[in-house]
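Visitor: Quick one, fold the following:
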Amino acid sequence: MDLNGAKYPAEGMFYTDIKTYEMGAGQKVQEDKNRMPALACLPINSSWFWKDDFPTTPVKEPSKLVNDLIIPLNNANCNFILNVAPNKDGLIDDNALASLREVGKLWLNKGPVNTLPKLDAPIISHNLATRKPSNSSWSDDMNIMDFANDDRYSTSWVSILQ
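Guide: Numbers count the residues shown, from 1 in each chain. Here you go, the predicted structure:
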């Protein structure tokens with residue numbers, strides 16, 4: 001899975017068999033046109049990784065999660081992944097639990113979705129990004145930035161404002 005899949009042309013699969021959309025980065029499924037298996041993701045809080053203010057900061061509205069995300073995305077051949085970060089004790093904060101309970105009450109599984117149309121095989125190639133210049137606007141949470149561009153998952157980089 002490549003969370004940058006939405007950057008590639010919509011007509012094909014590149015390096016994966018699931019088209020991915022990182023909604024927090026502004027990527028959006030074209031609900032009326034998508035015909036590929038897809039997934040989209042968002043955190044229930046303001047970011048993916050737990051912060052000290054999460055227990056007291058409002059989470060995303062359950063009715064909006066269900067009506068604006070889960071239902072329309074599922075109807076567009078897209079699974080929705082909702083991140084709920086555990087706190088320092090490894091537990092889910094009460095405000096997030098309450099929201100998840102409400103989502104469970106609001107969302108009704110209507111059974112299997114339509115079968116996807118037959119698609120071409122994913123386009124694959126060697127890593128075209130190896131040793132190429134790159135840029136980023138991502139935070140320092142894990143220094144990940146797709147693990148740099150040297151084809152080694154043991155390296156990462158941090159951008160520094162100058």
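
Visitor: tell me which residues in whatever helix or strand residue 73 lives in are buried?
Guide: Secondary-structure assignment from DSSP states H and E places residue 73 in helix 71-75. Across helix 71-75, burial judged by 16 or more other CB atoms under 10 Å covers 71, 73. For the C-beta atoms, the positions are set from N, CA and C on the backbone; glycine is no exception.

Visitor: which other helices and strands contact it?
Guide: For helix 71-75, the elements it packs on are strand 78-83, judged by 3 or more CB pairs under 8 Å, 6 or more residues apart in numbering; DSSP states H and E.

Visitor: remind me which residues of this protein are low pLDDT?
Guide: In the predicted model of the chain, residues 1-16, 121, 123-162 satisfy pLDDT under 70.

Visitor: would you list every one of the helices in the protein?
Guide: Along the chain, counting by DSSP state H, helices occupy 62-64, 71-75, 94-106.

Visitor: Out of those, indicate the one that is most buried.
Guide: Using mean count of other CB atoms under 10 Å, the stretch among those with the largest mean neighbour count is helix 71-75, at a mean of 16.

Visitor: hmm, who's touching it?
Guide: 29, 31, 38, 40, 79, 80, 107, 113 (CB atoms under 8 Å, 6 or more residues apart in numbering).

Visitor: Excluding chain neighbours, give the residue nearest to the fourth one in space.
Guide: If the residues on either side of it in the chain are set aside, residue 40 comes closest to residue 21, at 4.2 Å by CB to CB, 6 or more residues apart in numbering.

Visitor: and the closest residue in space to residue 70 that isn't next to it in sequence, how many neighbours?
Guide: Nearest residue to residue 70 in three dimensions, chain neighbours excluded: residue 80, at 5.1 Å (CB to CB, 6+ apart). Counted with other CB atoms under 10 Å, the neighbours of residue 80 add up to 20.

Visitor: ok, residue 80 - contacts?
Guide: 39, 40, 41, 42, 69, 70, 73, 74.

Visitor: gap between residue 111 and residue 31?
Guide: Spatial separation of residue 111 from residue 31 under the definition CB to CB, to the nearest Å is 20 Å.
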